[in-house]
Each structure stands twice: as structure tokens, then as C-alpha cells.
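S.K.: next input, structure requested:
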Amino acid sequence: MCQGHKRTTALDTVTMFLERGIKDGHTVRFSGMANDDPDYTTGDLVIVVKELPHGLFVRKENDLHLKMSIGLGEAVTKFTRNITHFDNHTVEIHGEGITQPGTVKKIAFEGMPMHGSGSQRGDLYAEIKVMFPQSLTDPQKAGNAPFKLPSSQGIL
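M.R.: Here you go, the predicted model:
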């Protein structure tokens, strides 16, 4: 009941579907769904998409970036890491031979879906950090004793 104020209070539900690949700042407009006032033209309800940070991936356009660490032993031989993607499928990142610190591995088509393009996706880029030993013993420094090359299972 308006009680002479020409308006009432009511809740309304708006259901929306966010398409795959929508980026931060994307707007969804519902025409004529804003507050209704008999003295004004009803406006639009505008919803702005806000991406939340993820613990592993950083989004840059349609590409995803992550940082991962490997041990020195893995850097001079080989390594394999399995990561879980947003939709819970597994992506394998691997290297053979010598991997330099700062190497970036590109995994094609494992990025974000491209909005408005059903099957196209961006790429996934994994930047590799090599973990070195924190210290060596005197015999190791002199080259008279072997040392175990550390490995790491971490994703930074």
C-alpha cells in the first residue's frame, strides 16, 4: 500500500546467466528494471561483473598465467607437474633437459574461454622458478663431496 507516497516497497528477483569468458568490468543491462517511480521514467538495472583473484591463476585477457617452482635437480634433468584447472580437468606441465630460471612454458588452448566464441580459448603460461640449495658444506664447496639436487613439488 502506498499510503499517499505514490510508491510501495517490494522485492523482485532477477535471474541472469553469465556467459563463459566474460571479463572483469563486463556489464549486463536489464532495461526498465530499476526503481519504478510515477514521476520519472524507469531506469535500467546495470550489473557490472567483478572478477575475484584466484590463488593460482592470473587472468590477462583470455590467457591464464601461473608461477611454479622446480628443484635444481629437476631443472637439469626433467620435471612434470599436474595442475587442476577451473573445471577440474588436469593440465600437465613438463620439461625435458635443462630448464633455465624464468622459462615460460606455453600450453595452448588451456586459458579462458573467449566470450562469444564457443570453442576458442586463450593459452596458459607457466613461469618456472628454479629452487637452489640454501647452503653447501665445506667439502661440497671444494667439490669433494656430492650433494643431493633438491626437487620441489610446489606451485607458487
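S.K.: name whatever forms a beta bridge with the residue lying closest to Met33 once chain neighbours are set aside.
M.R.: Leaving aside its sequence neighbours, Met33 sits nearest to Leu45 (CB to CB, 6 or more residues apart in numbering; 3.9 Å). Quick note: C-beta positions are derived from backbone N, CA and C, even for glycine. Beta-bridge partners for Leu45, by DSSP bridges, are Phe30.
S.K.: count the residues that sit near the closest residue to Leu124 other than its chain neighbours.
M.R.: Distance criterion CB to CB, 6+ apart; nearest residue to Leu124, sequence neighbours excluded, is Glu110 at 3.7 Å. Neighbour count of Glu110, defined by other CB atoms under 10 Å: 20.
S.K.: how about Thr103?
M.R.: Applying other CB under 10 Å, we find 15 residues neighbouring Thr103.
S.K.: quick check, pLDDT for it.
M.R.: On the pLDDT scale, Thr103 is placed at 96.
S.K.: contacting residues for it?
M.R.: With contact set as CB atoms under 8 Å, 6 or more residues apart in numbering, Thr103 has these partners: 95, 127-128.
S.K.: doesn't Pro146 make contact with Met139?
M.R.: For the record, residue 139 is Pro, not Met. No - using CB atoms under 8 Å, Pro139 makes no contact with Pro146, being 9.3 Å away.
S.K.: quick one: contacts for the most centrally placed residue in the chain?
M.R.: The centroid of the chain falls nearest to Phe57 when counting by CA atoms, centre = their mean (2.8 Å). Going by CB under 8 Å, 6+ apart, Phe57 touches 64-66, 86.
S.K.: I'm done for today, thanks for sticking with me.
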